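Q: Attaching a predicted model along with its sequence, questions to come.
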Amino acid sequence: MECEERTDKIFTLRSPRFSEGCLLMKYALKRAAAGLATMLIVSFLTFAAFDLISGDAATAMLGTSATPERLAALRAELGLDRPLPVRYGEWLLGFFTGDLGSSTSYKQPVWDLIASKTGLTLCLSLVSFVLIAAVSIPLGVFTAGRRRFEGARTALNQLGMAVPPFFTGILLSWVFGVGLKWFTPGQFPDAGRDFAGAAVYLLFAAAALSIPRIAMTARMLRSTVQEELGKDYVRTAISRGNDRGQVLRRHVLKNALPPVVTFLAQTMAEIVAGSIVVEQVFVIPGLGQMLVTSISNRDYPVVQAIVVILAFWVVLAGTAADLINQRIDPRLRLGGAA
Amino acid sequence: MKRKLLAVLLLLGLLGAVLCGCGDGSADKTPEGGQTSGSTEPAAQPAADHPNEITVGIAQDLDESLDPHKAVAAGTKEVMFNVFEGLMKPTPEGDLIPAVAEKYEISDDQLTYTFTIRDGITFHNGEPVTAEDVGASLARCKNGGDGILEVEAFSNIRSMETADSRVISITLEEPDSEFLSYLTTAILPADYDGQDTAPVGTGPFRFVSRAAQDNIVLERFAGYWGEPAYLDKVTYKIIENADSILMSLQSGAVDLFAHLTSTQVAQLGDDFNIEEGTMNLVQAMYLNNAEKPFDDVRVRQALCYAVDRQQILDLAFDGYGSLIGSSMYPAFGKYFDDSLTNHYPHDVEKARALLADAGYPDGFAMTITVPSNYQPHIDTAQVIVEQLKEVGVAAEIQLVEWGTWLSDVYAGRQFQATVVGVDASTMTARALLERFTSTAGNNFINYSSAEYDAFFQEAVSAADDAAQTAAYKRAEANLTENAANVYIQDLADLVAVRKGLTGVRFYPIYVLDLSGIRYAD
């Protein structure tokens, strides 16, 4: 209560209330514009990359049945013989009118193909993210300032960071899947029928994905907390007889968390990239395998859609981190930043 | 306090969103089936209480049109073999038997084929198969266009006439003793346009659904004209990762997996029987005959002598596989000439002498381009690199992704050497040998021999079977003598089948016939 009032006072001092709504609007617009620009750039780069690598949808579709005549006919049919800006413009127009196009390989509308996969991949990355935050933050705070078992802890931390998710994934599948039979590797249950089974399955995949990030985040938080703990205001607060835990929660974390939250948001991009590998190991029908195959098939409508979805997701994570940081540390708020 | 509450609420909300997202995301997927007792107890007990269905693992998705006249990938044809039939269909022995047709007659001049369609035969959608459907399907493959791959042999069709709804006669321009083999071309309903994504045929299984990069579901077609399939339902599960393939078999998620490597098979354990067949591929180090130094027959022969094929089998395949010496594999019993197999015994001295003769006494450097998606070819190339060192040839492996291989090596013919397997699309020698005629559009090795073209032409236009077989064998011998490629082997096809299941049948083409597979009890 007391805390809340104080921050409000600071806020009013710095920026008069009447401009708050205006500022918020400006902020939202700025964020949205930046996000849109990011997605546009990413989508254009992806599109252009398809022109640089050898092979196109026509060679991929015809495979070993390709002859020069067939290739030329198919290229004309798919419109691949037109210049890049025209094709990109066409795609962009479709995108903004809600038409993602049709997969060149599967001959199905892109959204039909990837709708359920998008849910699954975003779900996997969210679960991983929650796992990372829920484990690494208490772990980092708890270990800060404690020197017991430091050697073993550092070793464990290094190991956690070094072991790649695909290996952890194989290990988890062997031990908990083939060995203990807690889940059946290669048989992702239908969430509609067996919700608990699907959740358990995803949890193991998320664990494989999260372990290196947990190790990194915990270590980072530990060092930022430790740094704060060494500062004068903490010593003063503790010497005045304040409870150590309370000082930690009220003051230290407030200063130590923002960089970690920013770091966590950045890991979202890495989680999304990592999920491609983990989905393959666990045979989860998510976007990862779809992306890899579609690149190999030069199926640009599908690749474009997936890349834009993932870019949007990462942009969203960055925005969320910003908002959370502002919540934690009033100095980072709109008025303060301006 | 307020803040703590907020945090807790936020976390709960997030968790809720996560869980809801999961539910929504995959609720509309095809049910996995066969799992009645929850996820913690997998189908580990294939006893009497199992439903009459299996899950077959495949390493590559059917990521193209499912229309049989458009599909090009061997993996797609392998699966859809169970869904489609032509007038004729192949048997495991390599013969052709009538399928959609009940019987056929060939006129004395070998020009007119008259087919009578089976009485009462229907498509999977319940519509009867008529002579019009047959005519439309064949015409579709004769004309091509719109992504349909024209069948070269059909350009020989002069006319097709339907006497009544069950009789169709096809008249050819000139005799073609292999014409029947091309009539395995799928017969489709003429007035149905959903073949790309929801194919309809006449085979023992009907297509139910495809979830991209996830699964394909087939069900027994109750109205099948012939002996019905034993299984009610088959789910193909796509598993690309090699480690996951093993785990899926061992965990009970998958009952049958074809094309395994000997290493994978060795790790499988007691739950599986291993059936060994042949892949029906011509695996070779294909050489660009137009590129220096491979345009010199002596260089190509030297490479053949330098490569120890038995050692490749021993080192990379645990001894599995059968050696070949030309573009023909043993399962094609009639056309396979075993005397060519050991035309180039491993002989380093001879290889060196030939290289010196050709002007490369110190060898040369070369690049072997290998598609990265198929480990056996990569393993083979690695052994070859070591073997070539002995004759002074410094080979380097360049791994390329499949799409790049198709465009640069296959379509663009920009390569020196490549290790791949070439398969036959129909059960004819022509399917394997036509590509080496000097004008063939798919002659990616740029092979050019007037003598070969003559042999091939002789075979195609031969009046009787014996003369044709003899001509094809001469063409094969020509490939061997000119060392068109460094021929290696036909790979062994190792199929893991869960104990209790029987009925795997091997064909001389790349298919997996599910109709005979059944539970033994």
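A: Perfect, thanks for sending it.
Q: next structured bit after the strand or helix carrying A:Ala49?
A: If you go by DSSP states H and E, A:Ala49 is part of helix A:20-52. On the C-terminal side of helix A:20-52, the nearest following helix or strand under DSSP H and E is helix A:57-62.
Q: Now that next one - C-alpha only, CSV.
A: Extracted in CSV, the C-alpha atoms of helix A:57-62 (Å, rounded to 0.1, in the frame of the first residue of the first chain):
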residue,chain,number,x,y,z
ALA,A,57,9.2,-24.4,-55.8
ALA,A,58,9.1,-25.8,-59.3
THR,A,59,12.3,-27.9,-59.0
ALA,A,60,11.2,-29.1,-55.6
MET,A,61,7.8,-30.1,-56.9
LEU,A,62,9.0,-32.0,-60.0
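Q: and that helix with chain B, contact?
A: Yes: contact check for helix A:57-62 against chain B, using Cβ under 8 Å from any Cβ of the partner chain: residues in range are A:59-62. In this view, the C-beta of every residue, glycine as well, is placed from N, C-alpha and C.
Q: Tell me where the model's unsure across the chain.
A: You didn't say which chain, so I picked chain A. A:1-21, A:145, A:332-338 (pLDDT under 70).
Q: right idea, wrong chain: chain B
A: Ranges of chain B meeting pLDDT under 70: B:1-49.
Q: domain assignment for it?
A: B:53-82+B:203-278+B:493-519, B:88-184, B:281-490 (automatic domain parsing).
Q: Among the ones you listed, which comes closest to A:Leu71?
A: Proximity to A:Leu71 (Cβ to Cβ) singles out domain B:281-490 among the domains of chain B, at 6.4 Å.
Q: Out of the residues of helix A:57-62 next to chain B, give me the one that has the most neighbours.
A: Each of the residues of helix A:57-62 next to chain B was scored for neighbours by other Cβ atoms under 10 Å in any protein chain shown, and A:Met61 scores highest at 28 neighbours.
Q: From A:Ser103, how far off is that residue?
A: According to Cβ to Cβ, to the nearest Å, A:Met61 stands 11 Å off from A:Ser103.
Q: Find residues that contact each of those two.
A: Counting by Cβ atoms under 8 Å, 6 or more residues apart in numbering or on different chains, no residue touches both A:Met61 and A:Ser103.
Q: can you count the residues close to the residue lying closest to B:Glu481 once chain neighbours are set aside?
A: Once flanking residues are discounted, B:Glu481 sits nearest to B:His343: 7.4 Å by Cβ to Cβ, 6 or more residues apart in numbering or on different chains. Number of residues near B:His343 (other Cβ under 10 Å) recorded here: 17.
Q: May I see the buried residues of the helix holding A:Ala49?
A: Residues A:27, A:35, A:39, A:42-44, A:46-47, A:50 are the ones in helix A:20-52 that count as buried (16 or more other Cβ atoms under 10 Å in any protein chain shown).
Q: Report the central residue of the chain.
A: In the absence of a named chain, chain A is used. Ranked by distance to the mean C-alpha position of chain A (Cα atoms, centre = their mean), the top residue is A:Met268 at 2.4 Å.
Q: Please refer instead to chain B.
A: Centroid-nearest residue in chain B, with Cα atoms, centre = their mean: B:Ala74, separated by 3.3 Å.
Q: Help me confirm that A:Ser105 comes into contact with A:Ile295.
A: No: using Cβ atoms under 8 Å, A:Ser105 is not in contact with A:Ile295; the gap is 11.1 Å.
Q: who has more neighbours, those two?
A: Under the neighbour definition other Cβ under 10 Å, A:Ser105 and A:Ile295 were set side by side, and A:Ser105 has more, 25 against 21.
Q: For my notes, confirm that one occurs in a helix.
A: No: assigned with DSSP: H, G, I helix; E, B strand; the rest coil, A:Ser105 falls outside any helix and is coil.
Q: quick one: contacts for it?
A: Going by Cβ under 8 Å, 6+ apart, A:Ser105 touches A:57, A:60-61, A:293-294, A:297, A:299, A:302, B:63-64.
Q: Please state the backbone phi and psi of it?
A: Phi and psi for A:Ser105, reported as degrees, to the nearest 10, are phi -90, psi -50.
Q: and the gap between it and A:Met268?
A: 29 Å.
Q: Mind telling me what element residue 115 is part of?
A: Picked chain A for this. Going by DSSP H and E, A:Ala115 is in helix A:110-143.
Q: I was thinking of chain B, sorry if that wasn't clear
A: Assigned by DSSP H and E, B:Phe115 belongs to strand B:112-117.
Q: which residues touch B:Val282?
A: Residues in contact with B:Val282, defined by Cβ under 8 Å, 6+ apart, are B:324, B:327-329, B:421-423, B:432, B:487, B:490.
Q: Including distance to chain A, could these go into CSV?
A: CSV is the format used below for the contacts of B:Val282 (distance: Cβ to the nearest Cβ, whole Å):
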residue, distance to chain A
B:Ile324, 19
B:Ser327, 14
B:Met328, 18
B:Tyr329, 16
B:Gly421, 11
B:Val422, 8
B:Asp423, 8
B:Leu432, 12
B:Tyr487, 18
B:Asp490, 17
